[in-house]
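Colleague: what shape does this take:
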Amino acid sequence: MGRFARNMMARASGGSVALSRLWPGRADRLIIAPHDLRTADATRASEIYAGRFVFAGKIVTCHGRSIFDLEPPSEDWEVALLGFGWLRHLRAADTALTRANARALVDDWISNLAQKRRVGRRADVLARRVISLLSQAPLVLSDTDNKFYRRYLRGLTREIRYLRYTTFDISDGVPRLQALIALCYASLCLANQARHIRAATRKLSDELQRQILPDGGHISRNPGALIELLIDLLPLRQTFAARNIAPPPALLNAIDRMMPMLRFFRHGDGSFALFNGMSSAPSDLLATLLAYDDTHGAPMANMPHTGFQRLDAGAMTVIMDTGAPPPPGVSHDAHAGCLSFELSSGPSRIVINCGMPATGRDNWRSFARGTAAHSTLTYHDTSSCQFVELSAMKRLLQGALLVSGPVNVESYREVVANGVLLTTSHDGYLARFGVVHRRVLLVADDGSRLDGEDTMSPAPGGRIKGNEADFALRFHLHPSVKASRLSDARGVMLVLPNRDVWTFEALHDKVELEDSVFLAGNDGPRRTAQIVIRQDSRHAPAIRWSFVRSTASPSATSARRNARREPELPL
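Modeller: Sure, this is the predicted structure:
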């Protein structure tokens, strides 16, 4: 285990006895406070004290009123408020004023039962609030009196009891796991909970074995689910140890499988590949999680159960979706991006998917989930997956679940003379149009070029259905890439932030440069560009293309010097 991780765990162990020191006569009730790995910002404590609550890009000012009485500006803002994660900012400031402010706000919530809203009773929000109230108990209970302590415990146990009831009717996937994690925390942090510890541990173990696939991916195929879960599972592992209770094997095994997946989805700049609802990943949060990774090795190349491939060569990284859609019950965030890929070179991302914004997701959800928002082929302006569209059905199913999509997705990887060859296909367009999409990628050994071919062809013995056979091949570019179309209309020059120059070329097809949008930016959606090639599968069923790094690029020059072991001249 790394030194950073050991320090984190030592602090978690220290927090586990803090409540016993604060309340020696009450150690039979609330006896441990788990560590919160989320990054705290002490400067935000002054904003909260001034009555300004800034969440999800929205600001609400109290003006002397209870923040829980005010109309929320958005659901994302309300989720952040009622999850109580902001308590960690007050704890980071660690002053008598912020401790008193934390107590006042928690007391306001506990005492204001009539003002609780529907969002606050959602199982995922309730689970987040229970974990926050447990982990920030040293902040809230410091310097307080017995009366408030008893009221805090009553409010906390009421929330825990309600959470136990909601687990019978909760969305599958990450929300269900988060609720069970919160119940595990609750049983460990309160004394005399042996029966609840056994029950919560058994339910969590069963759910982890079901939702965490053998290769470490989550059943939803959303890379962001790994971050959301590990940020709670790692402290939970230490909380078991702090109580001198052996963590369940399913918990340990799940963490050991999930950690390598963090490296698998990372590009050279530290960002996560944008598949199936992934948004921007805070770099500090990722750094915290990766400090717990004992291996520190190169990412694995193939995740067969989750359905992704990774190709690394030189400074180049290609991450590709080669899996079937997730089961309908966990497809709330699934995207129709089968066979899409992302390309990066060193610290620069080149080809991306549009991703999802961190807030205001409902405004972009329909577009972001479509195949056209991914760097792959779209047939007849139709997505390879179909989702529930009727509003009544969405409300009944608690989201726009997946209705249909590719059934057979194949991928075959082999080492060839000049690189690595990845051959893939999916049948997402077979039932409606009678065609199969095949994509072949060849990554050069030195990472200097990526060659590809996309083909739309009938299944063996079949034929193309209907009169329309048009398709579009899209490559969405990262906003930091400066793109300009070449004069022959067969290529695009790409200049990266590090001054590397890449060229996209299509051998026999006209290339267009069109507007696109990058949704997963830290500052919200940003305009970018996309390379688009349009064709008709009856006349030209295949498109061959390539991304090639210029030999004059700084990284290419550096690579040649290193290969020849030539010393660079001092500046």
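Colleague: residue 507: neighbour count?
Modeller: Neighbour count of residue 507, defined by other C-beta atoms under 10 Å: 11. From N, CA and C alone the C-beta is placed, and that goes for glycine too.
Colleague: next, it: phi, psi?
Modeller: phi -60, psi -40 (degrees, to the nearest 10).
Colleague: would you confirm that it contacts residue 544?
Modeller: Yes: assessed by C-beta atoms under 8 Å, residue 507 is found in contact with residue 544 at 4.8 Å.
Colleague: give me the nearest residue to residue 464, chain neighbours excluded.
Modeller: residue 434 (5.1 Å; C-beta to C-beta, 6 or more residues apart in numbering).
Colleague: now swap in residue 167 and tell me
Modeller: Nearest to residue 167 is residue 179, by C-beta to C-beta, 6+ apart, at 5.2 Å.
Colleague: now for that neighbour: which residues touch it?
Modeller: 123-124, 126-127, 163, 166-167, 170 (C-beta atoms under 8 Å, 6 or more residues apart in numbering).
Colleague: and it, what pLDDT?
Modeller: Looking at residue 179, its pLDDT reads 94.
Colleague: those helices in the stretch 201-350 of the chain, which residues are they?
Modeller: Taking DSSP state H, counting those that start in this stretch as the test, the helices found in the stretch 201-350 of the chain are 223-242, 249-264, 283-290.
Colleague: those helices: which one's closest to residue 325?
Modeller: Nearest to residue 325, of all the helices of the stretch 201-350 of the chain, is helix 223-242, at 14.9 Å by C-beta to C-beta.
Colleague: list the buried residues of that closest one.
Modeller: Across helix 223-242, burial judged by 16 or more other C-beta atoms under 10 Å covers 223-230, 232-240, 242.
Colleague: with just CA atoms, put stretch 451-469 into CSV.
Modeller: Provided in CSV are the C-alpha atoms of stretch 451-469 (Å, rounded to 0.1, in the frame of the first residue of the first chain):
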residue,chain,number,x,y,z
ASP,A,451,-5.6,3.2,-39.7
GLY,A,452,-9.2,2.2,-39.8
GLU,A,453,-11.9,0.9,-42.1
ASP,A,454,-15.7,1.0,-41.5
THR,A,455,-18.0,-1.2,-43.6
MET,A,456,-21.7,-1.5,-43.8
SER,A,457,-22.7,-4.7,-45.4
PRO,A,458,-25.7,-7.2,-45.4
ALA,A,459,-25.5,-10.2,-43.2
PRO,A,460,-24.4,-13.4,-45.0
GLY,A,461,-27.3,-14.4,-47.2
GLY,A,462,-29.2,-11.3,-46.5
ARG,A,463,-29.8,-8.0,-48.3
ILE,A,464,-30.2,-4.3,-47.4
LYS,A,465,-33.7,-3.4,-46.4
GLY,A,466,-35.6,-0.3,-47.7
ASN,A,467,-34.6,2.3,-50.2
GLU,A,468,-32.4,4.5,-48.0
ALA,A,469,-28.8,3.3,-47.4
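Colleague: gap between the two ends of stretch 304-312?
Modeller: Its start and end residues considered, stretch 304-312 measures 17 Å (C-alpha to C-alpha, to the nearest Å).
Colleague: grab the nearest non-local neighbour of residue 224.
Modeller: Of all residues not flanking residue 224 in the chain, residue 278 sits nearest, at 4.7 Å (C-beta to C-beta, 6+ apart).
Colleague: what about the one you found, how many residues nearby?
Modeller: 24.
Colleague: ok, now which ones touch it?
Modeller: Contacts for residue 278 were tallied using C-beta under 8 Å, 6+ apart; they are 222-224, 265, 272, 355-356, 520.
Colleague: nearest the middle, which residue of the chain would you pick?
Modeller: The structure's the chain has its C-alpha centroid closest to residue 224; by C-alpha atoms, centre = their mean the separation is 1.5 Å.
Colleague: quick check: that residue touching residue 275?
Modeller: No: the pair residue 224 and residue 275 fails to qualify as a contact (C-beta under 8 Å) at a distance of 9.2 Å.
Colleague: for burial, what's the neighbour tally of the closest residue to residue 317 other than its chain neighbours?
Modeller: For residue 317, ignoring the flanking residues on the chain, the nearest one in space by C-beta to C-beta, 6+ apart is residue 344 at 4.9 Å. Counted with other C-beta under 10 Å, the neighbours of residue 344 add up to 23.
Colleague: distance of residue 344 relative to residue 426?
Modeller: Distance, residue 344 to residue 426, using C-beta to C-beta, to the nearest Å: 23 Å.
Colleague: I'd guess residue 368 is in a helix, am I close?
Modeller: Yes: applying DSSP: H, G, I helix; E, B strand; the rest coil, one finds residue 368 inside a helix.
Colleague: what's the burial count for it?
Modeller: Residue 368 has 26 neighbouring residues, counting by other C-beta under 10 Å.
Colleague: tell me the pLDDT of it.
Modeller: At residue 368, pLDDT is 91.
Colleague: thought it was touching residue 362?
Modeller: No: contact criterion C-beta under 8 Å: residue 368 and residue 362 do not qualify, at 10.5 Å.
Colleague: go ahead and confirm residue 284 touches residue 39.
Modeller: Yes: if you go by C-beta under 8 Å, residue 284 and residue 39 touch, sitting 4.8 Å apart.
Colleague: those two - which one has more neighbours?
Modeller: Legend: neighbour count by other C-beta under 10 Å for residue 284 and residue 39, higher for residue 39 (14 against 10).
Colleague: who are the packing partners of the helix or strand containing residue 138?
Modeller: Using DSSP states H and E, residue 138 maps to helix 137-141. Helix 137-141 sits against helix 3-22, helix 87-93, helix 96-111, helix 146-166, with contacts defined as 3 or more C-beta pairs under 8 Å, 6 or more residues apart in numbering; DSSP states H and E.
Colleague: so how far is it from its chain's centroid?
Modeller: 30 Å (C-alpha atoms, centre = their mean, to the nearest Å).
Colleague: let me see the mean pLDDT of it.
Modeller: Here the average pLDDT along helix 137-141 is 91.
Colleague: next, the buried residues of that helix.
Modeller: 137-141.
Colleague: just these now: which is nearest residue 250?
Modeller: Checking the buried residues of helix 137-141 against residue 250 with C-beta to C-beta, the nearest one is residue 137 at 27.0 Å.
Colleague: list the residues that contact that closest one.
Modeller: Listed by C-beta under 8 Å, 6+ apart, the contact set of residue 137 reads 19, 30, 33, 152, 189.
Colleague: from those, pick the one nearest residue 481.
Modeller: residue 33 (45.9 Å).
Colleague: count of neighbours near that closest one?
Modeller: When neighbours are counted by other C-beta under 10 Å, residue 33 registers 27.
Colleague: and it, which of the three is it?
Modeller: Classification of residue 33 by three-state DSSP places it in coil.
Colleague: and residue 245, how many neighbours does it have?
Modeller: When neighbours are counted by other C-beta under 10 Å, residue 245 registers 13.
Colleague: right, and it touches residue 197 too?
Modeller: Yes: if you go by C-beta under 8 Å, residue 245 and residue 197 touch, sitting 7.0 Å apart.
Colleague: now the common contact residues for those two.
Modeller: Common neighbours of residue 245 and residue 197 (C-beta under 8 Å, 6+ apart) are residue 188.
Colleague: what are the ranges of the helices in the stretch 351-500 of the chain?
Modeller: Using DSSP H, counting those that start in this stretch, the helices of the stretch 351-500 of the chain run over 361-369, 391-397, 430-433.
Colleague: mean pLDDT lowest for which of these?
Modeller: Ranked by mean pLDDT, the helices of the stretch 351-500 of the chain bottom out at helix 391-397, with a mean of 51.
Colleague: ok, the nearest residue to residue 509 once chain neighbours are set aside - contacts?
Modeller: Closest residue to residue 509 apart from its sequence neighbours, by C-beta to C-beta, 6+ apart: residue 533 at 4.9 Å. Applying C-beta under 8 Å, 6+ apart, we find residue 533 in contact with 472-473, 506, 509-512, 543, 545.
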